[in-house]
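> Sequence first, then the predicted structure:
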Amino acid sequence: MIAIGSDHAGYEYKVLLTELLSTLHLPYKDFGTASKQSTDYPDWGFAVAQAVSKGECELGILMCGTGIGMSIVANKVQGVRAAACESPTAARLARQHNNANVLCLGSRIIGWELAVDIVKAFLSTTFESGGRHEQRVNKIHSLTQR
Ligand code: RB5
């Protein structure tokens, strides 16, 4: 299950994302927002990050104007590794090296076609476990206690 969320700035991309995930036959849970009315990104970022933290959803995708605010709030939640990505390469490496479990996208930064490629790269790549990357990811949580 993929948790998705956005603020007003990411709302239109979230609608497109629901269509993309449906086409890919990937189940998702939409945590809002539900319109383009101005709202606060931490509310939605926190809700999606909590769903991932609790194991209710394996991965999350968050969208705001830049992807940055969402990544900041999501990374405050225990067990969450959120990556704001502007390229498919960054998304692939965020999964391979960092075991990122939340992808953040900026609707004011990237076009939708690029966003599709980023989402597909993120969802189709797995973590390179059992080596130096796993050791480093574990250290993130042991050093920061979250
Ligand atoms: C909203 O105007 C904007 O600040 C928000 O979507 C996001 O880009 C914050 O990081």
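Right, received. Where do you want to start?

> only C-alpha atoms for contact and neighbour calcs from this point on.
Noted.

> can stretch 103-120 be found next to the ligand?
No - applying Cα under 6 Å from any ligand atom, one finds stretch 103-120 separated from the ligand by no less than 6.7 Å.

> and the residue nearest in space to the middle of the chain, which of the three is it?
Central residue of the chain (Cα atoms, centre = their mean): residue 103, 2.2 Å from the mean position. Here residue 103 is recorded as strand under DSSP: H, G, I helix; E, B strand; the rest coil.

> Which residues does the nearest residue to it once chain neighbours are set aside form beta bridges with?
Leaving aside its sequence neighbours, residue 103 sits nearest to residue 61 (Cα to Cα, 6 or more residues apart in numbering; 4.7 Å). Listed by DSSP bridges, the beta-bridge partners for residue 61 are residue 4, residue 103.

> For residue 60, see how far away the residue nearest to the centre of the chain is.
6 Å (Cα to Cα, to the nearest Å).

> Flag every residue of the chain that's near the ligand.
Residues of the chain lying near the ligand (Cα under 6 Å from any ligand atom): 7, 9, 64-69.

> now do 5 Å
For the chain, the residues in contact with the ligand (Cα under 5 Å from any ligand atom) are 9, 64-66, 68-69.

> Fine, thanks again, bye for now.
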